[in-house]
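Trainee: With the sequence up front, the predicted model follows.
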Amino acid sequence: MNDATNHLLSGWLVLLPILIPFATSGFIFLFRKQLSGKGLQLQQQIGVFASGAHLVVSLLLLQQVIAHDMLNVQSSNWPVPFGISFVADGLSSLMVVIVSVMALAVNIYSLSDIDKLRQHFAFQPVYLLLIAALSGAFLTGDLFNLYVWFEILLISSFVLLSLGNTRAQLRGAVNYVLINLIASSLFLAATGLIYGYTGALNMADIAVQLSTLPQGIVTVIAVLFLVAFGMKAALFPLFFWLPPAYPAPPIAISAIFAGLLTKVGVYALIRVFTLFFVYDVSFTHTILLWLSGFTIIVGVLSAIVQDDIRKIVSFHLIAQVGYMVAGLAFYTDLGLRATIFYFIEDIVIMTNLFLITGLIARYGGSFKLSKLGNLYRDKPYLAIFFAISAFSLGGIPPLSGFWAKFMIIQASFAGGNILFTLVLLFGAFITLYSMARIWQHAFLKTSENKTLSLEEGNLTQSKRNFYIPVVALTALTLLISFWPQPFYTLSKQVSSQLLSPQNYIEHMFSEQNTASPFKVKESKGEGH
Amino acid sequence: MESLLSIAVGILFATGIYMMLRRNLIKFIFGFMLMGNGINLLIFTVGRLTRGTAPIVPEELEYLDGSVIQDFANPLPQALILTAIVIGFGFVAFSLVLLYRTYTVEKSLDTDMLQESVLPEVTP
């Protein structure tokens, strides 16, 4: 294969994780009219198939990126600073793989979990649109394009959140929608300011131009981005929208939100605070450190007073975001490595915990700890699945959460930050306590609550659909736990890539990307 | 002209934020619209204001070298604003429908109604 074909193929590979769910979403939306009959089943089958195809192409993409370090494609072959770029570096392609694994798992779960009515109102197309937007947000190399993907992501998550119109959903959606309107306004304003100061929207170009600007201006823009992405990532003072919103929809939707949506915010933070705002680290990254510390403390302390399992897990979700941002805040190789590893293992655990929570409620008839009980006696396998995820979240060796927490704490010690290390340990300890609380109340306690069987609920599909994703994600957790080496190596590769943004810039401005594809007579300077 | 527009952006931001801090959620949406317009104007202003020709390059001008491009208006901010307007419109439309649905259920659009939790005991 010659070079040009290779370039073309890798370009398609970068775009396919976006195109597959996007096109499928539009296509299966056409079945809207036939949903009462065969249409719905066909829609679901195509949806699951598309998720599977998404997984395959993202694995291929990751494999190519590991081999070639970085791939990119320019829309309409415009040379680099002008056209919209899609860039797959280590972090992006890793995130896309995680998205596709979670998307497939939750899509299978949703076949049984989401009721007929919601399926009729276009659950499947909107879900795939969410996946497309997530992939787009991770793969784009253009700041304004990132904004557009964020908006597609938001509007599809709005629809998924309020689909069904129950009272709790509406309230949660009002909270979620309004805070996100503010966040995306700030994001747009910050993008506008960056464009004004640098004349660039391509991320690599911005990174070059920002280094020539006065420090004060850059820091102001950095803080605008911090607030905008912090709202999406549910960082400390800006997390209050999450607890009412995430538990409200059916559990499959909560699971995909918990796994992926806040992580997009963390991803965007990592992107801008390793590529753009690296000149005043002692100021910006110290803010991040404080925010992450408070996020951990407030998250875990709020979790232990809740009675509803969904709320407990939601607050832990917030605390876990704190751990991830901590690694970024250290801004060392160890720290970022820990953050990337945390991404891999935590998204799996969080999604799985939500899925298991859904099963607990289906068996126990309630989400409230005070009403649940007997589950260890009646459903021992579910108890084992829960125990693996929960104690991994708490950081019990040898489970995957232990490795991640170990790496973060190691990075914190290496930075000489004893107080912060104590915060991290405190967070892990309380997490363990609150997981033990769920274990004690929902599984061990004997109560008069009768355990239902899945068939007693108004279940339309087989219960296999509930267990396939739970078993698969638990197996993945065990894989990361007992064979962390490949994941660790990957995290190491990604973090070293993140810490040398000049490689990213050099790659984007390489000969291949800046050469104009148009036949132009030799001219002096392209004009900016 | 830039300073005039900057003041206009400031006024739009201030009124927008004031409206967003009100307790009535409809006013929040109006505040969001004002602030959105402020941001669009901001992007327009930072994209260099020129009273030049439309950014359509005549055929005889084959190359855009530095001296020529100065006379054209910058098309990029306009494209950005157009995108932002469309997205903002979609958001406002969705939020208004959402608030209408909320109003029919709650009979109120005061932010206080969001305080207590109404999570049902089992998945809906």
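Mentor: Thanks, I have it.

Trainee: what about the closest residue to chain B within chain A, which SS state?
Mentor: Distance from chain B to each residue of chain A (C-beta to the nearest C-beta) is smallest for A:G196, at 2.6 Å. (Each C-beta comes from the backbone N, C-alpha and C, glycine too.) Classification of A:G196 using DSSP: H, G, I helix; E, B strand; the rest coil returns helix.

Trainee: Now the phi/psi pair for A:D280, please.
Mentor: As for A:D280, its main-chain torsions (degrees, to the nearest 10) stand at phi -130, psi 50.

Trainee: how about it, what does it touch?
Mentor: By C-beta atoms under 8 Å, 6 or more residues apart in numbering or on different chains, A:D280 lies in contact with A:Q215, A:V218, A:T219, A:A222.

Trainee: and the gap between the residue of chain A closest to chain B and B:V9?
Mentor: Using C-beta to C-beta, to the nearest Å, A:G196 is found at 11 Å from B:V9.

Trainee: Kindly report the same for A:I114.
Mentor: To B:V9, A:I114 is 44 Å away according to C-beta to C-beta.

Trainee: repeat for A:M324
Mentor: In terms of C-beta to C-beta, A:M324 sits 35 Å off from B:V9.

Trainee: of these two, who's got more company?
Mentor: Per other C-beta atoms under 10 Å in any protein chain shown, whichever of A:M324 and B:V9 has more neighbours is A:M324, with 28 against 23.

Trainee: okay, the helix or strand harbouring the more buried one in PDB with CA atoms only?
Mentor: A:M324 is part of helix A:309-330, with elements assigned from DSSP states H and E. The C-alpha trace of helix A:309-330 is given here as PDB (Å, rounded to 0.1, in the frame of the first residue of the first chain):
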ATOM      1  CA  ILE A 309     -28.600   4.000  46.300                       C
ATOM      2  CA  ARG A 310     -28.800   6.000  43.100                       C
ATOM      3  CA  LYS A 311     -27.900   9.100  45.100                       C
ATOM      4  CA  ILE A 312     -25.100   7.400  46.900                       C
ATOM      5  CA  VAL A 313     -23.600   6.300  43.700                       C
ATOM      6  CA  SER A 314     -24.100   9.800  42.100                       C
ATOM      7  CA  PHE A 315     -22.200  11.500  45.000                       C
ATOM      8  CA  HIS A 316     -19.400   9.000  44.600                       C
ATOM      9  CA  LEU A 317     -19.400   9.800  40.900                       C
ATOM     10  CA  ILE A 318     -18.600  13.400  41.900                       C
ATOM     11  CA  ALA A 319     -15.900  12.400  44.300                       C
ATOM     12  CA  GLN A 320     -14.300  10.200  41.600                       C
ATOM     13  CA  VAL A 321     -14.100  13.200  39.300                       C
ATOM     14  CA  GLY A 322     -12.100  14.900  42.100                       C
ATOM     15  CA  TYR A 323      -9.600  12.100  42.000                       C
ATOM     16  CA  MET A 324      -9.200  12.400  38.300                       C
ATOM     17  CA  VAL A 325      -8.700  16.100  38.300                       C
ATOM     18  CA  ALA A 326      -6.200  15.700  41.100                       C
ATOM     19  CA  GLY A 327      -3.900  13.800  38.800                       C
ATOM     20  CA  LEU A 328      -4.200  16.700  36.300                       C
ATOM     21  CA  ALA A 329      -3.600  19.200  39.000                       C
ATOM     22  CA  PHE A 330      -0.200  17.700  39.900                       C
END
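
Trainee: now that helix, how far from the chain's geometric center?
Mentor: Its chain's C-alpha centre and that of helix A:309-330 lie 12 Å apart, by C-alpha atoms, centre = their mean, to the nearest Å.

Trainee: Against which helices or strands is it packed?
Mentor: helix A:242-245, helix A:262-275, helix A:281-303, helix A:333-364, helix A:400-414, helix A:418-438 (3 or more C-beta pairs under 8 Å, 6 or more residues apart in numbering or on different chains; DSSP states H and E).

Trainee: The closest residue to A:I297 other than its chain neighbours: what's it in contact with?
Mentor: Counting by C-beta to C-beta, 6 or more residues apart in numbering or on different chains, A:I297 lies nearest to A:V423, which is 6.4 Å off, once chain neighbours are set aside. Counting by C-beta under 8 Å, 6+ apart, A:V423 touches A:G293, A:I296, A:I297.

Trainee: Just the pLDDT for the closest residue to the first one other than its chain neighbours.
Mentor: If I follow you right, that is A:G293. Using C-beta to C-beta, 6+ apart and skipping the chain neighbours, the partner closest in space to A:G293 is A:V423 (4.9 Å). Here, the pLDDT recorded for A:V423 equals 92.

Trainee: Where does residue 13 fall, secondary structure wise?
Mentor: No chain in the question, so chain A it is. Assigned by DSSP H and E, A:L13 falls within helix A:3-29.

Trainee: actually chain B
Mentor: For B:F13, the host element (DSSP H and E) is helix B:2-20.

Trainee: and the two most separated of the contacts of A:D280?
Mentor: A:Q215 and A:A222 (10.1 Å; C-beta to C-beta).

Trainee: of those two, who's got more company?
Mentor: More crowded of A:Q215 and A:A222, by other C-beta under 10 Å: A:A222, with 22 against 10.

Trainee: With A:V298 as the reference, measure out to the spatially most central residue of chain A.
Mentor: The centroid of chain A falls nearest to A:L260 when counting by C-alpha atoms, centre = their mean (2.7 Å). Distance, A:L260 to A:V298, by C-beta to C-beta: 22 Å.

Trainee: which stretches of the stretch 401-528 of chain A have low pLDDT?
Mentor: Residue ranges of the stretch 401-528 of chain A with pLDDT under 70: A:454-461, A:515-528.

Trainee: Okay, buried residues for the biggest helix by length in chain B please.
Mentor: When chain B is parsed with DSSP state H, its longest helix is helix B:75-106. For helix B:75-106, the neighbour count (16 or more other C-beta atoms under 10 Å in any protein chain shown) marks B:76-77, B:80-81, B:83-84, B:87-88, B:91-92, B:94-95, B:98-99, B:101-102, B:105-106 as buried.

Trainee: Please name the residues that touch A:L425.
Mentor: Residues in contact with A:L425 (C-beta under 8 Å, 6+ apart) are A:I409.

Trainee: Centre of the chain to stretch A:415-422, how far?
Mentor: With C-alpha atoms, centre = their mean, you get 27 Å for stretch A:415-422.

Trainee: And the pLDDT for the residue nearest to the centre of chain A?
Mentor: 90.

Trainee: again, but for A:Q64
Mentor: 89.

Trainee: I'd like the next helix or strand past the host helix or strand of it.
Mentor: Per DSSP H and E, A:Q64 falls inside helix A:40-68. Downstream of helix A:40-68, the next assigned helix or strand under DSSP H and E is strand A:71-74.

Trainee: For burial, what's the neighbour tally of the residue nearest to A:T191 when sequence neighbours are not counted?
Mentor: The shortest distance from A:T191 to any non-neighbouring residue, by C-beta to C-beta, 6+ apart, is to A:L143 (5.3 Å). Other residues within reach of A:L143, judged by other C-beta under 10 Å, total 23.

Trainee: Quick one: end-to-end distance for stretch A:297-317.
Mentor: 12 Å (C-alpha to C-alpha, to the nearest Å).

Trainee: Give me the residues contacting that stretch.
Mentor: Contacts of stretch A:297-317 (C-beta under 8 Å, 6+ apart): A:234, A:236, A:239, A:242-243, A:246-247, A:251, A:254, A:258, A:262, A:318-322, A:350, A:353-354, A:357, A:360-361, A:367-370, A:372, A:393, A:423, A:426-427, A:430-431, A:433-434, A:437-438, A:442, B:119.
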